[in-house]
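**Student:** Okay, sequence plus prediction incoming.
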Amino acid sequence: MTDGLHRLILAELRLAWAGAHRMLLVVGPDRRVLRQFNGLATGSRGPIPIGWLPRHRLVAYDSDARPGYWLLPAGARWQLAPDGPLHRPDGRAWMVLDDPADGSPGCRAATLKAGSADELAPVLAAMAAAREALNERSLHYPFLGLGANSNSVATTLLRAGALPDPVIPAGAVLVPGWGRVLLPPARLREIQRNAGLAVS
């Protein structure tokens with residue numbers, strides 16, 4: 001990635017049970033992951049792998065708002081080809097975009113928007129505002145993720161940023177909660193206007 005652009009990426013982390021968790025990443029021109037938006041099941045002590053109790057909540061996380069929490073390592077470096085796979089240049093298979101040859105859990109991705117930091121700023125501001133609006137609702141996490149879940153958070157933030165639905169090449173067939181929007185249309189339009197996004 002040598003074009004000097006920042007990229008907003010939808011990444012799809014494959015899960016062992018054949019499902020997928022989707023999250024939004026901001027990757028800088030130097031290939032470093034700068035920011036992450038994630039919806040996660042959360043218990044009394046913080047994020048948990050999946051919720052199953054009535055007290056578990058669905059919480060939207062933004063690494064800018066909570067610097068101590070990253071699902072991926074802060075500052076991880078990635079190699080990116082436009083509309084192609086992301087992968088760690090050191091070859092480690094803990095978290096790679098595109099399925100690794102050794103069959104370990106992998107991840108695929110699609111670029112949602114590319115531009116300067118200033119050009120991405122209104123979209124990120126809308127996503128951050130939508131994250132706050134979601135957390136104000138204190139949403140329950142559905143039993144074992146069967147319902148409005150982490151992927152629904154990613155869908156809602158994507159809608160807040162007025163971004164089109166992406167196509168992830170060879171993406172997972174099973175993505176529970178994807179496509180469900182957790183904020184009403186009027187609230188999304190308000191967030192977009194406040195962020196300075198030109199929407200119809």
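**Tutor:** That came through fine.
**Student:** Now do the helices in this structure.
**Tutor:** Under the criterion DSSP state H, helices of the chain are mapped to 117-136, 150-160, 185-195.
**Student:** show me where pLDDT drops low in this structure?
**Tutor:** For the chain, the stretches with pLDDT under 70 are 1-3, 16-18, 67-107, 169-170, 200.
**Student:** top strand in it by residue count?
**Tutor:** Counting by DSSP state E, the longest strand found in the chain is strand 33-43.
**Student:** Tell me where this protein has strands.
**Tutor:** Going by DSSP E, the chain shows strands at 6-14, 20-27, 33-43, 46-47, 57-62, 79-80, 86-87, 107-115, 139-140.
**Student:** Pairing partners for the longest strand of the chain, with directions?
**Tutor:** Each strand that pairs with strand 33-43, with its direction, by DSSP bridges: strand 20-27 (antiparallel), strand 46-47 (antiparallel), strand 57-62 (antiparallel).
**Student:** give me the number of residues near the nearest residue in space to V27 that is not next to it in sequence?
**Tutor:** Nearest residue to V27 in three dimensions, chain neighbours excluded: R7, at 4.8 Å (C-beta to C-beta, 6 or more residues apart in numbering). Bear in mind the C-beta positions are built from the backbone N, C-alpha and C, glycine included. Residues near R7, counting by other C-beta atoms under 10 Å, number 24.
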